[in-house]
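[1] sequence unknown, structure follows:
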Ligand SMILES: [Zn+2]
Ligand SMILES: [Zn+2]
């Protein structure tokens, strides 16, 4: 009997997994971002929709897509106040995360229960994530919604600030109040292919967490990502690959936003991160003042560097996940002092990018002085 029950459970489990995507190869493209010392890089999309608001896919599909595209963590954030499918699908704010939970467990995708607080602009839209229960957030008074989210320990960010134009997307009284109450923690500086420069400035000024999301509504048909063409995502530098750890890192502001071929993040974090993104090899050949060495780019961005110092090539273009051969015309002493560059696509604040010094070791024999005489 016991054995029979075991068989039934096994058959049921196989049916559950098999029904999930019969026949499809469950393979995943990886998104290769290096990690910081003592942390793991969690690739997150924290803003997406399903048929439970104005999206066009069933909740489990969002998990399948995340798996295939190499995304580690997703938040389902259907609109609370905007329910255009209500006639066909009654309003049930918690169903998206409930429905997707099993698929997420099977695929080891971290699933976050969220909701989009959807008010007219200004003040606009906000995502509350890491909710236990979305229902208490359906309330008329604007501030009551955020109080309900705070009660559940939610992480809250302001969505797509400039989507109704620059004027309507200004930091306003509501943002000031929410921020003062510690009920607003981050800003979506990138939403899809939109970058909100004003909002980036407001975030940096207040040390708020930088967020980038897809805000995807339709099925994701994108699988072959390039440095330029991929989902807009948030990299979360978490202590470990768990929901608690992701949440902790979000509150601590340990994020970077990957949009198009650029990475946005706080200067301190990007300064620590950049050396993890490249490997500079020692000079392998020197001839007089000509030296050759290699730089491996270990991240999925094409790194763009511009010289800020006196020596080295004027620009360095380092393609994603590839190794480039570099030729410099410098003396060994000049090289030992380091090569100074600006990484133009590591953005630390509006119109500002990261400055770095490349250290290149040179163990090649010193060229003897030409006029040395020997007796
Ligand atoms: Zn929105
Ligand atoms: Zn949205």
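    Great, that's in hand. What you see is a predicted model, and the numbers here were worked out from it, not measured in a lab. Numbering: from 1, shown residues only. Ligands and ions are numbered 1, 2, ... in the order given.
[2] residues in a beta bridge with the residue of the chain found nearest ligand 1, which ones?
    At 3.5 Å from ligand 1, residue 125 is the closest residue in the chain, using Cβ to the ion. For glycine as for every other residue, the C-beta is placed from the backbone atoms N, C-alpha and C. When bridges are taken as DSSP bridges, the partners of residue 125 come out as residue 118.
[3] isn't it right next to residue 160, touching?
    Yes: Residue 125 is in contact with residue 160 according to Cβ atoms under 8 Å; the separation is 6.7 Å.
[4] so for those two, which sits in the more crowded spot?
    For residue 125 versus residue 160, the count of surrounding residues by other Cβ atoms under 10 Å is larger for residue 125: 25 against 22.
[5] contacting residues around that one?
    Residues in contact with residue 125, defined by Cβ atoms under 8 Å, 6 or more residues apart in numbering, are 116, 117, 118, 119, 158, 159, 160.
[6] for residue 77, which non-adjacent residue is spatially closest?
    Nearest in space to residue 77, with sequence neighbours left out and distances taken as Cβ to Cβ, 6 or more residues apart in numbering, is residue 114 at 4.0 Å.
[7] before we move on, what SS does that neighbour have?
    Reduced to three states with DSSP: H, G, I helix; E, B strand; the rest coil, the structure at residue 114 is strand.
[8] my read: it touches residue 132, true?
    No: no contact is recorded between residue 114 and residue 132 when judged using Cβ under 8 Å, the distance being 11.3 Å.
[9] so for those two, which sits in the more crowded spot?
    For residue 114 versus residue 132, neighbours defined as other Cβ under 10 Å are more numerous around residue 114 (25 against 11).
[10] hang on, the earlier thing: where's the residue nearest to residue 77 relative to residue 157, distance?
    10 Å (Cβ to Cβ, to the nearest Å).
[11] next, show the common contact partners of those two.
    Counting by Cβ under 8 Å, 6+ apart, the shared contacts of residue 114 and residue 157 are 46, 127.
[12] and the helices in the stretch 1-150 of the chain?
    Taking DSSP state H, counting those that start in this stretch as the criterion, the stretch 1-150 of the chain carries its helices at 2-20, 59-69, 95-107, 142-151.
[13] mean pLDDT lowest where, among those?
    Averaging pLDDT over each of the helices of the stretch 1-150 of the chain singles out helix 2-20 as the lowest, with a mean of 50.
[14] just give the nearest non-adjacent residue to residue 355, would you?
    For residue 355, the nearest residue in space outside its immediate sequence neighbours is residue 342; the separation is 5.3 Å by Cβ to Cβ, 6+ apart.
[15] how many other residues sit next to the one you found?
    Number of residues near residue 342 (other Cβ under 10 Å) recorded here: 16.
[16] so where is this protein shaky, pLDDT-wise?
    Under the criterion of pLDDT under 70, the regions of the chain flagged as low confidence span 1-25, 366-375.
[17] in it, where's the longest strand?
    When the chain is parsed with DSSP state E, its longest strand is strand 339-349.
[18] list the contacts for the closest residue to ligand 2 within the chain?
    Closest to ligand 2 within the chain is residue 215: 4.4 Å, counting by Cβ to the ion. Residues near residue 215 by Cβ under 8 Å, 6+ apart: 47, 48, 49, 159, 160, 191, 192.
[19] same thing but at 10 Å, please
    Contact partners of residue 215, counting by Cβ atoms under 10 Å, 6 or more residues apart in numbering, are 45-49, 55, 77, 116, 125, 127, 159-160, 163, 188, 190-192, 194, 232.
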